[in-house]
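> Whatever this is, show me its structure:
(one chain, ligands or ions: 1)
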Amino acid sequence: MAKRIDVSGLTAYYGAHKAIEDISMHVEPGAVTAFIGPSGCGKSTFLRTLNRMHEVTPGGRVEGKVLLDNEDLYGPGVDPVSVRRTIGMVFQRPNPFPTMSIYDNVAAGIRLNGGGRRKSEMDDLVERNLRGANLWNEVKDRLARPGSGLSGGQQQRLCIARATAVAPDVLLMDEPCSALDPVSTLAIEDLIDQLKSEYTIVIVTHNMQQAARVSDRTAFFNLAAIGQPGKLIEIDDTERIFSNPSVQATEDYISGRFG
Ligand SMILES: Nc1ncnc2c1ncn2[C@@H]1O[C@H](COP(=O)(O)OP(=O)(O)OP(=O)(O)O)[C@@H](O)[C@H]1O
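Numbering: from 1, shown residues only. As a prediction, the model looks like this:
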């Protein structure tokens with residue numbers, strides 16, 4: 001079920017380096033929010049604070065609050081592993097488990113989360129998630145073959161099926177199309193559009209057209225100078241950000257004047 005994210009006063013560090021500073025925003029449920037901004041402004045870092053992946057990096061540290069439908073994800077006693085199951089992630093490079101079959105790639109997360117399912121039940125889950133990722137028809141006759149044998153675009157859809165199989169509330173996508181050709185990119189964009197009725201989706205992208213095509217809301221991040229922390233400049237409806245943003249820097253970035 002799609003859930004809302006409320007972030008307040010979030011600052012993230014790599015050791016002594018402050019990468020992003022004092023970010024507050026709401027991420028709407030059942031919608032796609034795009035993060036845009038020049039390289040190094042902290043989009044990926046911020047994304048990774050939303051499911052407690054940032055702290056996996058040595059020296060990674062976070063201040064501030066992230067609430068998922070009012071549950072404090074950084075609260076005492078919260079298990080980061082269960083946060084990462086509830087808020088799934090899809091990465092820039094498709095990363096299926098290379099030696100595992102297509103079937104097992106989708107089943108892996110379910111098994112890790114205390115499988116104990118009958119074979120027929122698991123078959124149904126695998127099929128449902130591969131269908132949900134628009135991949136079923138392409139792989140149904142080779143489910144036992146390794147996931148690494150698929151094309152890049154198919155592998156990325158497999159990773160999306162793997163992410164949805166554990167029934168997360170939120171899907172975070174860090175430049176999910178940057179390693180893909182234009183046809184595979186459109187396939188993933190179509191898929192994102194279908195998935196948003198069930199999940200809250202956040203996507204980092206360098207591609208302005210992609211942000212305009214797939215997202216309902218867009219957040220623009222920027223940094224004052226190299227070495228300074230990245231900040232959220234504004235977040236608004238995508239249509240507004242691309243037609244009439246409130247801040248001049250947003251307009252300059254979108255129109256290609258910098259970045
Ligand atoms: N593993 C790391 N260790 C130390 N510093 C890091 C690490 N990853 C990122 N940074 C620094 O944090 C800041 C934000 O980086 P981040 O990758 O989040 O930006 P980004 O906006 O996603 O960039 P890009 O668009 O180029 O992917 C940068 O100054 C970067 O050098």
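
> which residue sits closest to the residue most central in space within the chain in space, ignoring its chain neighbours?
Central residue of the chain (CA atoms, centre = their mean): Leu172, 1.6 Å from the mean position. Sequence neighbours aside, Met89 is the residue nearest to Leu172 in space, at 4.7 Å (criterion: CB to CB, 6 or more residues apart in numbering). Using the backbone N, CA and C atoms, a C-beta is placed for each residue, glycine as well.

> these two touch, right, the one you found and His54?
No - using CB atoms under 8 Å, Met89 is not in contact with His54; the gap is 11.5 Å.

> list residues touching both of the two?
Arg48 (CB atoms under 8 Å, 6 or more residues apart in numbering).

> Surely Gln155 is within a helix?
Yes - assigned with DSSP: H, G, I helix; E, B strand; the rest coil, Gln155 falls within a helix.

> residue ranges with poor pLDDT in the stretch 51-200 of the chain?
For the stretch 51-200 of the chain, the stretches with pLDDT under 70 are 114-116.

> got a list of what the closest residue to the ligand within it touches?
Closest contact between the stretch 51-200 of the chain and the ligand, by CB to the nearest ligand atom, is at Thr57 (4.8 Å). Residues near Thr57 by CB under 8 Å, 6+ apart: 14, 48.

> Flag every residue of this structure that's near the ligand.
Residues of the chain lying close to the ligand by CB under 6 Å from any ligand atom are 14, 17, 19, 37, 39-45, 57, 230.

> switch to 5 Å and redo it
Within reach of the ligand by CB under 5 Å from any ligand atom, the chain has these residues: 14, 19, 39-45, 57.

> which of those count as buried?
Neighbour-count burial (16 or more other CB atoms under 10 Å) is assigned, among the residues of the chain next to the ligand, to 19, 41-45.

> Next, please give the residue ranges for the helices of the stretch 151-259 of the chain.
152-165, 182-195, 208-214, 238-243, 248-254 (DSSP state H, counting those that start in this stretch).

> Could you look over these and pick the most buried one?
Highest mean neighbour count among the helices of the stretch 151-259 of the chain (mean count of other CB atoms under 10 Å): helix 152-165, with a mean of 24.

> can you give me the angle that helix makes with helix 182-195?
20 degrees (axes from the mean of the first three to the mean of the last three CA atoms, to 10 degrees).

> Direction included, what does the helix or strand containing Asp6 pair against?
Under the criterion of DSSP states H and E, Asp6 resides in strand 5-14. Note on strand 5-14: by DSSP bridges, its sheet partners are strand 17-27 (antiparallel), strand 60-68 (antiparallel).

> Is it possible to get JSON lines of the ones you listed that adds distance to Ile5?
Putting the strands paired with strand 5-14 into JSON lines (distance: least, CB to CB, whole Å) gives the following:
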{"stretch": "strand 17-27", "distance to Ile5": "4"}
{"stretch": "strand 60-68", "distance to Ile5": "6"}
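
> Looking at the ones you listed, which is nearest to Glu251?
strand 17-27 (19.6 Å; CB to CB).

> how about that closest one: buried residues?
By neighbour count with 16+ other CB under 10 Å, strand 17-27 contains the buried residues 18-21, 23, 25, 27.

> That strand - what's its average pLDDT?
Strand 17-27 carries an average pLDDT of 98.

> circling back: from the buried ones among the residues of the chain next to the ligand, which land in strands?
Counted as lying in strands by DSSP state E, out of those, are Ala19.

> Thought Ile233 was touching Phe220, still the case?
Yes - Phe220 is within contact range of Ile233, at 4.7 Å (criterion: CB under 8 Å).

> So between those two, which is more surrounded?
Phe220 (27 against 20; other CB atoms under 10 Å).

> Distance of that one relative to the ligand?
Applying CB to the nearest ligand atom, to the nearest Å, the value for Phe220 to the ligand is 11 Å.

> From Gly75, how far off is that residue?
Per CB to CB, to the nearest Å, Phe220 is found 29 Å from Gly75.
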